[in-house]
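> Using only what follows, build the 3D model:
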Amino acid sequence: MDQVLIDSALERVRAALEAGNVEDAVAVLNHLHPADRAEAFSDLPKDEQDEILPRLDPEEAAELLEELEDDEAAEAAASLSAETLADVLDEMEPDAAADILGDLSKEQAESALAQMEEADEVRPLLAHPDDTAGGLMTSEFFALRRQMTAQKAIDFLRERELDGASPYYLYVVDRFNKLIGVVGLRDLITAPPEATIEAIMRRDIRSVPVGTDQEEVARLMKKYSLLALPVVDADGKLAGVIKSTDIVHVVEEEAQEDLYRLANVSDGDLSVWSPVRLAVSRRLPWLVVNLFTAFLAAGVIGLFENTIARVALLAVFQSIVAGQGGNAGTQTLALMVRGIAVGEIEFRDAGGAILREVGIGVIHGAVVGVLVALGAWAWKGIPVLGLCIGLAMIGNMIAAGIAGTLVPLTLKALRLDPALASAVIVTTVTDCVGFGLFLGLATLFLPYLA
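Next up, the predicted model:
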């Protein structure tokens, strides 16, 4: 239903633009929900976007840019004049404005900042990388002093503008602006008017330093079900607040990033319009790494060249053992990378995780091994061949479970990204072990196969 509404609006917008009625096109867009408006705007050609955006009120343009993806918002903002852009950024949350400015050229960003009224709130946020707590936080928050009474705090809030995105937490700072506690709005409203903030505040407050990685921020907010998370500087002073709405896209972004890295590609590679040079530079190095690991697996096969020469039938079945092990390793790897990403699994859990995956590998290997062994026996009528395949399958499934568990945990302990190189290492292990076990057993039982 939403897509039908968006498509209908797009038709009217395009018709209005073709007729030269830009104001009518703007009016059609403004009747849409902000999220639908952003989706419709994204579907317009760049020249039509550049025609519409300057005609929006600063508040409307700010709302639109906040709904767009980061790269789309930056591209749209870059088309505005410095004066218009400054007016739009003044209407945005400081963290959202900082995100856009950080994606613009240095000259454009400085020119817009020079004309912004809220530049002092935005400029400090530009000093922090986008993927850290400092890059996610907003400088718009309410801080109370512990000596204030509940009534004075309520009067203080009444004088401020509260919007729908305002958190239900109020942070308490001392005279040095150091974070010392938190008060919930419900606790504040129900407290006696003469009660001091210090008497009703909670001191066991969760906070993160400005340099904390966004993945850790998302993990903490999920674990403790927080609507907001305060950010402190090196001296413990309250620097900003991260709202739950700001962390939703981080969870999605991190999940996508892990999936892309498991395949050794980036999100930019998924676009058919991404530059060929960029795609090649990102993918080719991993293909070269895979080439070397393929030579390693080929080397294992080469050790049993005489065995294969005597029983050529082995070449038909060896890939089954390695392929099934690779599939099992990938399953384990996906679960482990996900567990590491959400903080469920640490290196200290390696022993228990390995034992669990070994048990699973034995069961999988036994079931799949028996099926393959029976199939090979029925197909070629050689019972020993089925025995070699079955035993090799069990061993390779166990190796897959161990590698799929231990490799990502080891990379994480070495402060390397477990999603980036794990797949290459695990498939190398399962290929080499699979070929080695199957051909080794075949060599052992060669008199019964030849």
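> Output the below-cut-off pLDDT ranges for the stretch 51-200 of the chain.
Along the stretch 51-200 of the chain, segments meeting pLDDT under 70 span 161-167.
> so what's residue 83 closest to, chain neighbours aside?
Leaving out its chain neighbours, the residue that sits closest to residue 83 by C-beta to C-beta, 6 or more residues apart in numbering is residue 115, at 5.7 Å. Backbone N, C-alpha and C define where each C-beta goes, glycine included.
> do residue 317 as well
residue 389 (5.7 Å).
> Pull the number of nearby residues for the one you found.
Other residues lying near residue 389 total 29 when counted by other C-beta atoms under 10 Å.
> so what's it up against?
Listed by C-beta atoms under 8 Å, 6 or more residues apart in numbering, the contact set of residue 389 reads 317, 320-321, 369, 372-373, 376, 438.
> Check which residues of the host helix or strand of it are buried.
According to DSSP states H and E, residue 389 maps onto helix 383-413. Across helix 383-413, burial judged by 16 or more other C-beta atoms under 10 Å covers 384-409, 411-412.
> wait, residue 418 sits on residue 405?
No - counting by C-beta atoms under 8 Å, residue 405 is not a contact partner of residue 418; they are 11.0 Å apart.
> that older thread, list just the nearest of the contacts of residue 389 to residue 13.
Nearest to residue 13 among these is residue 320, at 56.4 Å by C-beta to C-beta.
> Could you pull up the residues touching the closest residue to the closest one other than its chain neighbours?
Of all residues not flanking residue 320 in the chain, residue 372 sits nearest, at 6.2 Å (C-beta to C-beta, 6+ apart). When contacts are counted by C-beta under 8 Å, 6+ apart, residue 372 touches 317, 320-321, 324, 386, 389-390, 393.
> Taking the residues you listed, tell me the two that lie furthest apart.
Within the contacts of residue 372, 324 and 386 form the most distant pair, 14.8 Å apart (C-beta to C-beta).
> The contacts of residue 389 in helices, which ones?
The helices, defined by DSSP state H, take in 317, 320-321, 369, 372-373, 376, 438 from the contacts of residue 389.
> can you put these in TSV and add pLDDT and distance to residue 79?
Formatted as TSV, the ones in helices among the contacts of residue 389 follow (pLDDT from 0 to 100; distance: C-beta to C-beta, whole Å):
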residue	pLDDT	distance to residue 79
317	79	61
320	82	57
321	85	58
369	76	62
372	77	61
373	77	66
376	74	65
438	89	61
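> Take these and write them to a markdown table, including distance to residue 26.
Output for the ones in helices among the contacts of residue 389, formatted as a markdown table (distance: C-beta to C-beta, whole Å):
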| residue | distance to residue 26 |
| --- | --- |
| 317 | 67 |
| 320 | 62 |
| 321 | 64 |
| 369 | 67 |
| 372 | 65 |
| 373 | 70 |
| 376 | 70 |
| 438 | 68 |
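> what's the spatially closest residue to residue 126 that is not a sequence neighbour in contact with, if anything?
Excluding the flanking residues, the one nearest residue 126 by C-beta to C-beta, 6+ apart is residue 98, at 5.4 Å. By C-beta under 8 Å, 6+ apart, residue 98 lies in contact with 122, 125-126, 135.
> Where does residue 98 sit, in terms of helix or strand?
helix 94-103.
> Starting from that helix, tell me the next helix or strand along the chain.
For helix 94-103, the following helix or strand on the C-terminal side (DSSP H and E) is helix 106-115.
> related to what we said a few turns ago, residue 73 versus the residue nearest to residue 126, what's the distance?
12 Å (C-beta to C-beta, to the nearest Å).
> same question, residue 55
Separation of residue 55 from residue 73 (C-beta to C-beta) stands at 17 Å.
> quick one: which of these two has more around it?
Taking neighbours as other C-beta under 10 Å, residue 55 and residue 73 compare with residue 73 leading, 20 against 13.
> Give me the secondary structure label for residue 62.
Taking DSSP: H, G, I helix; E, B strand; the rest coil as the rule, one finds residue 62 in the helix state.
> ok, it touching residue 86?
No - with contacts defined as C-beta under 8 Å, residue 62 does not count as touching residue 86, sitting 11.3 Å away.
> I'd like the domain boundaries of the protein, if you could list them.
Using automatic domain parsing, the domain ranges for the chain come out as 2-127, 143-253, 272-449.
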